[in-house]
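Asker: sequence below, structure please.
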Amino acid sequence: MKQISFIIVLFTILFLKSSIYLSGVILILWLISIKDSFKLTKRVIKSIFLFNLGISVAYLIMSIFKDIDLSYIIYINLKVFAMTYFVFWFFSKNNMIQFFSFSRDLSYLLTISLSQIYSYKKTYEDFRLAYKARIIKKLRKREEGFITKTFDFFLKKALKDSKERSLALKARGFFD
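Answerer: Numbering: from 1, shown residues only. Below is the predicted model:
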């Protein structure tokens, strides 16, 4: 039942064609999650900021060369915000693993994804704490080197892990 209601609300937001209706949906979502609305809004903005900024800037540049209605930028940003807010709110109230339990394959993929996320998060925290413990005062050059080395580590780790996960999924019959 939760799956059906989730899909209905998500598709309702997806098919809304007016910025006013989307603003209304966001207002309703804020009212429903009144206790957590500030925290959720902050999480949503942090997670979609770069994507929306890139799309908005590209659209603005395109509008310089073509006669394009700029209200579309507001509309698309509201739509992304509403959908992301709803998904964050929904899964803060519902267990994601139980939600996908109707499908063995989806449950398995979700478990693999979550284990990777938590593993990478733990590794990143370890890197950050090790850096803090070894550096007395922040030096811009050292900080840039740390960030570069950390990024390089995670890129190599992601490539290696993706090969291993792909082989594991093939062994379980996910791909032919």
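Asker: center of the chain - which residue?
Answerer: Taking CA atoms, centre = their mean, the centroid of the chain lies closest to Ser47, which sits 5.3 Å from it.
Asker: give the contact list for the closest residue to it other than its chain neighbours.
Answerer: In this structure, Ser47 finds its nearest non-sequential neighbour in Thr84, 6.5 Å apart by CB to CB, 6 or more residues apart in numbering. The C-beta positions use only the backbone N, C-alpha and C, and glycine is treated the same way. With contact taken as CB atoms under 8 Å, 6 or more residues apart in numbering, Thr84 is in contact with 44, 47-48.
Asker: nearest to Ile32, of these?
Answerer: The closest of the contacts of Thr84 to Ile32 turns out to be Val44 (CB to CB; 14.4 Å).
Asker: neighbours around the closest one, how many?
Answerer: Val44: 21 surrounding residues under other CB atoms under 10 Å.
Asker: quick check: next helix or strand after the helix or strand where it lies?
Answerer: Here Val44, judged by DSSP states H and E, is contained in helix 37-65. Where DSSP H and E defines the elements, the next helix or strand beyond helix 37-65 is helix 71-93.
Asker: list the buried residues of that next one.
Answerer: For helix 71-93, burial by neighbour count (16 or more other CB atoms under 10 Å) applies to 73, 75-90.
Asker: give me the helices and strands touching the host helix or strand of Ser113, please.
Answerer: Using DSSP H and E, Ser113 sits in helix 104-134. On a contact count with 3 or more CB pairs under 8 Å, 6 or more residues apart in numbering; DSSP states H and E, helix 104-134 meets helix 96-99, helix 140-171.
Asker: and the angle from the last one to helix 104-134?
Answerer: An angle of 160 degrees separates the directions of helix 140-171 and helix 104-134 when computed by axes from the mean of the first three to the mean of the last three CA atoms, to 10 degrees.
Asker: what is helix 140-171 packed up against?
Answerer: With contacts defined as 3+ CB pairs under 8 Å, 6+ apart, the packing partners of helix 140-171 are helix 104-134.
Asker: can you give me the buried ones in the helix it packs on?
Answerer: Within helix 104-134, judged by 16+ other CB under 10 Å, the buried ones are 107, 110, 127, 131.
Asker: pretty sure the last one contacts Phe146?
Answerer: Yes - using CB atoms under 8 Å, Tyr131 is in contact with Phe146, at 5.2 Å.
Asker: show me where pLDDT drops low in the protein?
Answerer: Low-confidence regions of the chain, defined by pLDDT under 70, span residues 136-143, 175-176.
Asker: does Ile112 really touch Ser166, like I thought?
Answerer: No - Ile112 lies out of contact with Ser166 (CB under 8 Å); the separation is 10.8 Å.
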